Structure formats: C-alpha cells, structure tokens
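S.K.: The following comprises the amino acid sequence and a computationally predicted model.
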Amino acid sequence: MIKLNNNYSIVVDGTHGFQLNYESDPFEKNINTKKGPEVKQVTSKDTWYYPRLSGALKRFMSENLSSENIEELILKVENIESAIEKFNKTFANQGNTFSLK
C-alpha cells in the first residue's frame, strides 16, 4: 500500500492493476432510525481502478489540487505531471508491480 496522504492510498489490485482509495475524516451525521433521529460518526469512501499507476496518481492530483492563484496552481500541476510521467510504464499483474523498459 502507498499512503498518499491522510485520506488517499493506492494498493495493487490483482484484477484491475491499481486501486486508488479515498476515506474521509469522520464527521457527524443525523440519521433517522426506527427509534428516531440519531447522530452518528460516519466516513465517506470511494475507490477508483486503473491499469497503470500514472492513472491513479493523475486522479489523486485532480481530486486534491487547490491554490490561491492561477500561477501557483499551474506550477503545482506541472510538477505533479512531471513526477507522474516517471510512473508511465509501471503496471501491475496478479498483485505485483513491474516496469517496462
């Protein structure tokens, strides 16, 4: 497992290649039950599947980029895209990763 930050991680999936997982920080939510409304701690979860690591990293980037101004945002995007291209030939097969030369 590759932990990208507190909410995102990547795992190798034997079927799909790479799995980008998201789990939010716990938050309170009002839920209606048979006994009436209750406040419970819940987390949001999501999963995306990619054949290449670069695809999972691009999705992570698009989900997490925020900036105060456009110049800072462009610089962040260029740096992340450059780093992602290094993983362009990384694949997974039957739960293992490998790179093409």
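M.R.: Noted; the coordinates are in hand.

S.K.: Report the contact partners of the residue sitting furthest away from the middle of the chain.
M.R.: For the chain, the largest distance from the centre (CA atoms, centre = their mean) belongs to Lys35, which lies 36.8 Å off. Residues near Lys35 by CB atoms under 8 Å, 6 or more residues apart in numbering: none. Yep, even glycine has a C-beta here, placed from its N, CA and C like the rest.

S.K.: and the gap between it and Gln41?
M.R.: Applying CB to CB, to the nearest Å, the value for Lys35 to Gln41 is 17 Å.

S.K.: follow-up on the earlier one: where does the residue farthest from the centre of the chain land on pLDDT?
M.R.: Lys35 is assigned 86 on the pLDDT scale.

S.K.: Check Ala83 too.
M.R.: 63.

S.K.: Lys86 too?
M.R.: Note on Lys86: pLDDT of 67.

S.K.: where does the protein have low pLDDT?
M.R.: 83-84, 86-101 (pLDDT under 70).

S.K.: ok, and for the helix or strand hosting Met61, which residues are buried?
M.R.: If you go by DSSP states H and E, Met61 is part of helix 53-64. For helix 53-64, the neighbour count (16 or more other CB atoms under 10 Å) marks 53-61 as buried.

S.K.: which other helices and strands contact that helix?
M.R.: strand 8-13, strand 17-23, strand 45-50, helix 70-85, strand 90-93 (3 or more CB pairs under 8 Å, 6 or more residues apart in numbering; DSSP states H and E).

S.K.: Grab the nearest non-local neighbour of Glu85.
M.R.: Ser54 (7.1 Å; CB to CB, 6 or more residues apart in numbering).

S.K.: Repeat that for His16.
M.R.: Per CB to CB, 6+ apart, closest to His16 is Tyr49, 3.8 Å.

S.K.: Give the bridge partners for the one you found, please.
M.R.: Gln19 (DSSP bridges).

S.K.: any idea how far it is from Asn21?
M.R.: Distance, Tyr49 to Asn21, by CB to CB: 10 Å.
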